[in-house]
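Chemist: My questions are about this predicted structure, shown below with the sequence.
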Amino acid sequence: MRVAGRAAAVCAVAGAVAATVLLLWPASVPAPRSARAQARLADSDGLVVFEEQPSGLLGTAAPDGSHPQILDKLGGLRGNDLPTASSDGRYLVNQEGQLITMGPHGPVSVADLPQAGGDQQFGQPDQWQSASFADGGRYIAATECATVNPGGTGSVQAWVAYLLPTTAGKTETLGAVTAATGDPSSAAAVLSVPVKTSGATSADECYGDQPPSDGLLELLAPGKPARTVVTVGTLLRVVGWPQKTPVELYAAPSPDGSLLYVSVVQNTPHPVNRFPVFIAAAVLVSRTGKIVARVPLPGSAGEGQWSPDGKRVAACEVSPGSQSRVVVWTVGGATKTFSLPNRHDAYCTQLLWSPDGSQLIYAALTALRGLTASSDLQRGWTVIDLRTGRAYDVTAPGQPAAWLVSPR
């Protein structure tokens, strides 16, 4: 995603949420009676990994919130963001470069990855703007603000993509980008490349004004020439928008890397101190650049999350004052909408598929007007049973980060 625009706003909100949650919440909280009464909807074979707030400690629980366990011996995670899980469940990683290794019963260790760019701002190491897994979890694709020297014109601050090995090996620099996401099928990243490179030299250029439009999506691997997958012009024609529409691109590869779910988001200014509402469209693209389909999701739906089998995409449809919903599209098939009773959230912070693809976990920022950020956060998560359409809220001492197959 173009990190200085929409992503920065998203991360800022999610970060404020995660940093201030459940200030007085105990370490073990049973599910409320309403959740326990409907616990049959939960995947009893699953294991949810969550991050307790504000301590940053990792924990595990059943999807219905029962049997919570705080893993205090691992220590608290730094930063405010929720960790991202690898598709095979072996690792989690957060934007502060901490790699969490998973065992049969959940997290077993936390280690610091090498700082990719080596830059420091405001006396602290840079926080990654995004991090995802590539090449079957063997690498992490990270986007970090770093010093670059484009065309020998002098050093500037820009977002740069890196590939970092999860075990041992050399960190690879993939160059200045507006967005990067890991390619699950190879040691590469899917990049959203800007139309032009800014010449500004301020230390906070990464967080300032950025190019108004992304030019194309590229597949890039170390030692190989970049390959253009699709251009913005092609995508605008497919979604029916004027060619001069300024947009940002967000790419989400399917689990096997054969398809790209590409969100095309209008890059328009939004009022200060209000969470932005984005107009978006989604397109399914093959690795060769063929437009497979225009995804029939609402224009207000968030970024897509692939099901484990790569046959469905789920997205949140959340807008302040409206009933929150989750939309699931079957590739080449129908779209189903699941309403969340009594939820009128401001922003969806997490959407996780169960290992068997039968359920989803949803978490959200409930409002933007509380006295503290913790009062605006959904405490725990919502389980959605895709087979019946039923949903129920679960109270838990943290925010969900991963949904794993339960240990045998």
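Modeler: In hand now; what should we look at?
Chemist: export stretch 313-323 as PDB, just CAs?
Modeler: Extracted as PDB, the C-alpha positions of stretch 313-323 are listed here (Å, rounded to 0.1, in the frame of the first residue of the first chain):
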ATOM      1  CA  VAL A 313     -12.000 -13.100  -0.300                       C
ATOM      2  CA  ALA A 314     -13.500 -11.400   2.800                       C
ATOM      3  CA  ALA A 315     -13.500  -7.700   3.500                       C
ATOM      4  CA  CYS A 316     -15.000  -5.400   6.100                       C
ATOM      5  CA  GLU A 317     -17.700  -2.900   5.200                       C
ATOM      6  CA  VAL A 318     -17.600  -0.500   8.100                       C
ATOM      7  CA  SER A 319     -18.600   3.200   8.300                       C
ATOM      8  CA  PRO A 320     -19.400   5.300  11.300                       C
ATOM      9  CA  GLY A 321     -23.200   5.400  11.900                       C
ATOM     10  CA  SER A 322     -23.900   2.300   9.700                       C
ATOM     11  CA  GLN A 323     -24.300  -1.300  10.700                       C
END
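Chemist: What residues sit buried inside it?
Modeler: Neighbour counts using 16 or more other CB atoms under 10 Å place 313, 314, 315, 316, 317, 318, 319, 320 of stretch 313-323 among the buried residues. The way it works is simple: take the backbone N, C-alpha and C, and place the C-beta from them, glycine included.
Chemist: you'd agree the last one is in a helix?
Modeler: Okay, so that is residue 320. No - under DSSP: H, G, I helix; E, B strand; the rest coil, residue 320 falls outside any helix and is assigned coil.
Chemist: Quick check: nearest residue in space to residue 174, chain neighbours excluded?
Modeler: Spatially, and ignoring its direct neighbours in sequence, residue 174 is nearest to residue 161 (4.0 Å; CB to CB, 6 or more residues apart in numbering).
Chemist: Which residues are in contact with the one you found?
Modeler: Residues near residue 161 by CB atoms under 8 Å, 6 or more residues apart in numbering: 141, 142, 143, 173, 174, 175, 177, 180, 189, 191, 220.
Chemist: Just the buried ones among these, please.
Modeler: Neighbour-count burial (16+ other CB under 10 Å) is assigned, among the contacts of residue 161, to 141, 142, 143, 174, 175, 177, 180, 189, 191, 220.
Chemist: who's in contact with the third one?
Modeler: The reference is to residue 143. Going by CB under 8 Å, 6+ apart, residue 143 touches 3, 128, 129, 130, 131, 159, 160, 161, 162, 177, 179, 180.
Chemist: And the last one, by the same measure?
Modeler: Residues counted as contacts of residue 220 (CB under 8 Å, 6+ apart) are 161, 174, 175, 188, 189, 191, 226, 227.
Chemist: count of residues packed around the closest residue to it other than its chain neighbours?
Modeler: Closest residue in space to residue 220, ignoring its immediate chain neighbours: residue 226 at 4.8 Å, by CB to CB, 6+ apart. When neighbours are defined as other CB atoms under 10 Å, residue 226 has 15 of them.
Chemist: I figured residue 226 was touching residue 216, is that so?
Modeler: No - checked against CB atoms under 8 Å, the pair residue 226 and residue 216 is beyond contact range at 9.5 Å.
Chemist: coming back round to it: next, give phi and psi for the residue nearest to residue 220.
Modeler: Phi and psi for residue 226, reported as degrees, to the nearest 10, are phi -70, psi 140.
Chemist: So which of the contacts of residue 220 sit within strands?
Modeler: Those of the contacts of residue 220 mapping onto strands are 161, 174, 175, 189, 191, 227, per DSSP state E.
Chemist: Touching, the fifth one and residue 214? I think so.
Modeler: No - using CB under 8 Å, residue 191 makes no contact with residue 214, being 9.5 Å away.
Chemist: Between the two, which contacts overlap?
Modeler: residue 179.
Chemist: ok, back up a step: so which pair among the contacts of residue 220 is furthest apart in space?
Modeler: Within those, 161 and 227 form the most distant pair, 15.1 Å apart (CB to CB).
Chemist: Please enumerate the helices of the stretch 51-200 of the chain.
Modeler: Using DSSP state H, counting those that start in this stretch, no helices are assigned anywhere in the stretch 51-200 of the chain.
Chemist: Good, we can wrap up now.
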